[in-house]
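Peer 1: what follows is a protein structure lacking sequence information:
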Ligand SMILES: Nc1ncnc2c1ncn2[C@@H]1O[C@H](COP(=O)(O)OP(=O)(O)OP(=O)(O)O)[C@@H](O)[C@H]1O
């Protein structure tokens, strides 16, 4: 659906996008992850033919961009950096105007246009906001309106730059559900985000951009495959460690006892062994890497240090500046 080779954009001495090879397949929910300023928006703009690449090529729906724009764009729903809208008009009026300008505007009569607009408003949860002018919209409402206009064309591909920007947790949840529902109905979704958790929750495939370079591109389930180690929380860590000997790769205190990382992928066998020896097992599961682990490793491999937003260890949903969170995490690791 999207394929780029060596896609590069330079602004004077700044290389915003540096030799990026994207591969987005039909049916993907592709998460394009990168810190602020890493080049996501510039890449999205090149994909849509809004910005000319300095070098490299981009293909969208099998056609080269920007040459294939006239053919490609009617099949693509796009949301790039805050949708433009007429501030004095309602969202509904804006959508009707937008629809009339679109490729189906001439063919579709007024009745079908009304129905299309109502359906799009309904889908993004704006149907109840009737006469209010867009000027009175919150940022989240503007994002929803932008998404509604992206949906008007019944797209095969959605290209969304930070679609949950400015939304509250409930709004983020609703947009996520909507995108997953569209994906189930056959729409390929390409979305950029600087939020690891967002990508981890909804994407099937991930590309990580770090200072203009694509440092990682892979299926999420491949990245999160079990590591071959099993994590055990036990009320009897000393006894368990004695029993398992050299198979224990790491041991740490944990509420209720201790946490052991054991070199084995046979979780059931390990459980049986511990229980038969009289160790109280509280939880036991194959260890999987989180997207954060993978991204950190990829960025380390590239010799850089990304500044993504990550979930703070301090509590669910808590977030702070990604750079600080990562620095703090490394300090923690160093102290451990
Ligand atoms: N028109 C422009 N002229 C000069 N430099 C630009 C231009 N557009 C982007 N840049 C630079 O290119 C780099 C990448 O910017 P870009 O907006 O693509 O990043 P981003 O990952 O989308 O960040 P954000 O999430 O903050 O939008 C930045 O250093 C930015 O300052």
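Peer 2: Arrived safely, thanks for sending. Values in this document were obtained by computation on a predicted structure and should not be read as measured data.
Peer 1: any idea how far residue 29 is from the residue nearest in space to the middle of the chain?
Peer 2: By CA atoms, centre = their mean, the chain has its centre lying nearest to residue 199, at 2.7 Å. Using CB to CB, to the nearest Å, residue 199 is found at 9 Å from residue 29. Quick note: C-beta positions are derived from backbone N, CA and C, even for glycine.
Peer 1: what's the answer for residue 212, then?
Peer 2: On the measure of CB to CB, residue 212 and residue 29 end up 24 Å apart.
Peer 1: residue 56 - how many residues pack around it?
Peer 2: 17 (other CB atoms under 10 Å).
Peer 1: buried ones in the helix or strand encompassing it?
Peer 2: When elements are assigned from DSSP states H and E, residue 56 belongs to strand 55-60. Using 16 or more other CB atoms under 10 Å as the test for burial, strand 55-60 gives 56, 58, 59, 60.
Peer 1: what's the answer for stretch 180-187, then?
Peer 2: Neighbour-count burial for stretch 180-187 [16+ other CB under 10 Å]: 182, 183, 187.
Peer 1: quick one: which of those residues sit in helices?
Peer 2: 182, 183 (DSSP state H).
Peer 1: and the buried residues of stretch 180-187 as JSON lines, adding distance to residue 99 and pLDDT?
Peer 2: What follows is the buried residues of stretch 180-187, written out as JSON lines (distance: CB to CB, whole Å; pLDDT from 0 to 100):
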{"residue": "182", "distance to residue 99": "18", "pLDDT": "89"}
{"residue": "183", "distance to residue 99": "23", "pLDDT": "94"}
{"residue": "187", "distance to residue 99": "18", "pLDDT": "94"}
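Peer 1: TSV for the buried residues of stretch 180-187, including distance to the ligand?
Peer 2: Formatted as TSV, these follow (distance: CB to the nearest ligand atom, whole Å):
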residue	distance to the ligand
182	23
183	23
187	23
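Peer 1: pLDDT wise, what is the residue of the stretch 51-200 of the chain found nearest the ligand at?
Peer 2: Closest to the ligand within the stretch 51-200 of the chain is residue 194: 5.7 Å, counting by CB to the nearest ligand atom. Residue 194 carries a pLDDT value of 89.
Peer 1: go on, the one 4 residues further on?
Peer 2: Looking at residue 198, its pLDDT is 87.
Peer 1: ok, residues contacting the one helix or strand residue 119 maps to?
Peer 2: Element membership for residue 119 (DSSP H and E) is helix 110-123. Residues outside helix 110-123 that contact it (CB atoms under 8 Å, 6 or more residues apart in numbering) are 91-92, 95-96, 99-100, 105, 108, 127, 148-149, 151-152, 178.
Peer 1: work out the gap between stretch 81-97 and the centre of the chain.
Peer 2: Stretch 81-97 sits 26 Å away from the centroid of its parent chain (CA atoms, centre = their mean, to the nearest Å).
Peer 1: average pLDDT for that stretch?
Peer 2: 80.
Peer 1: also stretch 10-28?
Peer 2: On average, stretch 10-28 scores 96.
Peer 1: again with stretch 122-136
Peer 2: Per-residue scores along stretch 122-136 average to 83.
Peer 1: buried ones in it, by neighbour count?
Peer 2: 123, 124, 125, 126, 127, 129, 134.
Peer 1: residue 8 falls within a helix, correct?
Peer 2: No: when classified by DSSP: H, G, I helix; E, B strand; the rest coil, residue 8 is found to be strand rather than part of a helix.
Peer 1: for burial, what's the neighbour tally of it?
Peer 2: 18.
Peer 1: ok, so what distance separates it from the ligand?
Peer 2: 12 Å (CB to the nearest ligand atom, to the nearest Å).
Peer 1: that residue: what's it in contact with?
Peer 2: Neighbours of residue 8 in contact, by CB under 8 Å, 6+ apart: 15, 17, 18, 19, 20, 53, 54, 55, 56.
Peer 1: quick check, nearest of those to residue 221?
Peer 2: Lowest distance from residue 221 to the contacts of residue 8 (CB to CB) belongs to residue 20, with 23.0 Å.
Peer 1: isn't that closest one up against residue 213?
Peer 2: Yes: using CB atoms under 8 Å, residue 20 is in contact with residue 213, at 7.2 Å.
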